[in-house]
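S.K.: What follows is a predicted protein model with its sequence.
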Amino acid sequence: MNKSFLALLLILGFAITQSSEKVIARQGQVSFFSYTSVENIKAENNQVSSIIDLQEGTIAVDMLMNAFIFEKALMREHFNESYIESDIYPKATFEGKILNFEANIQGTQIKIIKGVFKMHGVSKDIEIKTKIENNNGNYILSGVFETFVEDYNINIPPLLAGNIAKSIEVNFKFEYLPYEN
Amino acid sequence: MSMLLNTYIQLFIPKLLLIVLVFLGLNSCTENSDKMVTESLDVKQFHVDQIIEKDLNFNEDNLIENVVLVEGIIQDINSLNNRSTIILKGKKETDRLVICDMQKNQKLAINSLNLGDEISIKGILKGTLNDVILLNCIIPQPKTNE
């Protein structure tokens, strides 16, 4: 009797683990900075979507390029219309895997996420060092990486070349909740 | 006479230019880089259940970057990333929601809201990920007949 009860508990426990294997961040934050001697440009997107499959260690990120907020309207206009062409390429995506991810470890772990970042129609393999915090199943991923404008086929007119840095710093922070699909 | 006119022009024109520049500067002040949403704008109206329909083609209907009014039930109110956000759900069982990033001047209106309330929110439609995204949102106040 006791053995059957134990088996039932194990099955139930397995079923619960299976049902909560994915977590979602609906309001992830991604910001970027361009530092030049002419001007500094900062933009922020607070509605970035991301899903992690905790068992597989896979991660997907999806963001709308026209949802970046700038300090000045002209910066936003140039970004969307001239550089990123957000009407043609509305989204940037990332699909990758958290290497050696241990979903059950509580506290902080630093891991490498390897995957493909697609922006402005160009896909590029990237690796990002990421801080992963697990507080009783509430995961927070954060980090910073650099990306190069020329890698994504973004044309900056010579007149404005001095205003845009060749290397852009990207910061991100995602707070995940259980995904009930 | 011409000297008087020159003096007048020299004094008057810079002042006029200054006034015009200040006026333009004040009018270009917005909360952020996006266009502002105001109560007086007439816009297309949707219920959450309509706007989260996967068949709805935002591009075809010229809805992207335009102001829309969305009616739904408050699922969540949060201040993640130091921004006030209201998340609306519809009546159908689905995981797709409408995320409304609120203007800073809406804090008072937000404080009077409760989860489960049915409200209308006006904002700029940015597009759809898993959820539909609205920015620069406001809660239109009901018109009173005085």
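M.R.: Happy to help now that I have it. Numbers count the residues shown, from 1 in each chain, chains lettered A, B, ... in the order given.
S.K.: residues touching residue A:170, list them.
M.R.: A:30, A:31, A:32, A:144, A:145, A:146, A:147 (Cβ atoms under 8 Å, 6 or more residues apart in numbering or on different chains). Using the backbone N, CA and C atoms, a C-beta is placed for each residue, glycine as well.
S.K.: Phi and psi next, for the closest residue to residue A:122 other than its chain neighbours.
M.R.: Once flanking residues are discounted, residue A:122 sits nearest to residue A:152: 4.7 Å by Cβ to Cβ, 6 or more residues apart in numbering or on different chains. Main-chain dihedrals, residue A:152, degrees, to the nearest 10: phi -110, psi 20.
S.K.: Verify the stated contact: residue A:152 with residue A:118.
M.R.: No. Look at residue A:152 against residue A:118 with Cβ atoms under 8 Å: they stay out of range, at 9.1 Å.
S.K.: So the two - more neighbours on which side?
M.R.: Between residue A:152 and residue A:118, counted using other Cβ atoms under 10 Å in any protein chain shown, residue A:152 has the larger neighbour count: 20 against 16.
S.K.: For the more buried one, give me its contacts.
M.R.: Per Cβ under 8 Å, 6+ apart, neighbours of residue A:152: A:119, A:120, A:122, A:124.
S.K.: Can you check the residues you listed and name whichever has the most neighbours?
M.R.: Within the contacts of residue A:152, neighbour counts (other Cβ under 10 Å) peak at residue A:119, which reaches 20 neighbours.
S.K.: Turn the contacts of residue A:170 into JSON lines, columns for pLDDT and distance to chain B.
M.R.: JSON lines is the format used below for those (pLDDT from 0 to 100; distance: Cβ to the nearest Cβ, whole Å):
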{"residue": "A:30", "pLDDT": "97", "distance to chain B": "10"}
{"residue": "A:31", "pLDDT": "96", "distance to chain B": "9"}
{"residue": "A:32", "pLDDT": "95", "distance to chain B": "14"}
{"residue": "A:144", "pLDDT": "97", "distance to chain B": "16"}
{"residue": "A:145", "pLDDT": "95", "distance to chain B": "19"}
{"residue": "A:146", "pLDDT": "94", "distance to chain B": "22"}
{"residue": "A:147", "pLDDT": "93", "distance to chain B": "21"}
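S.K.: any idea how far chain B is from residue A:104?
M.R.: For residue A:104, the distance to chain B equals 25 Å [Cβ to the nearest Cβ, to the nearest Å].
S.K.: Chain neighbours aside, what residue packs nearest to that residue?
M.R.: residue A:134 (8.0 Å).
S.K.: Shouldn't that neighbour be within a strand?
M.R.: Yes. Residue A:134 forms part of a strand when assessed by DSSP: H, G, I helix; E, B strand; the rest coil.
S.K.: helix, strand or coil for the residue nearest in space to the middle of chain A?
M.R.: Nearest to the geometric centre of chain A sits residue A:61, at 4.8 Å (Cα atoms, centre = their mean). Assigned state for residue A:61: strand (three-state reduction, three-state DSSP).
S.K.: contacting residues for it?
M.R.: Counting by Cβ under 8 Å, 6+ apart, residue A:61 touches A:28, A:48, A:49, A:50, A:93, A:94, A:95, A:174.
S.K.: can you give me the strands in the chain?
M.R.: This is for chain A. Counting by DSSP state E, the segments of chain A that form strands are A:22-35, A:40-53, A:58-64, A:69-70, A:91-98, A:107-119, A:122-135, A:138-148, A:167-175, A:177-178.
S.K.: wait, chain B
M.R.: Taking DSSP E as the criterion, chain B contains strands spanning B:44-47, B:67-78, B:85-89, B:98-102, B:118-128, B:132-138.
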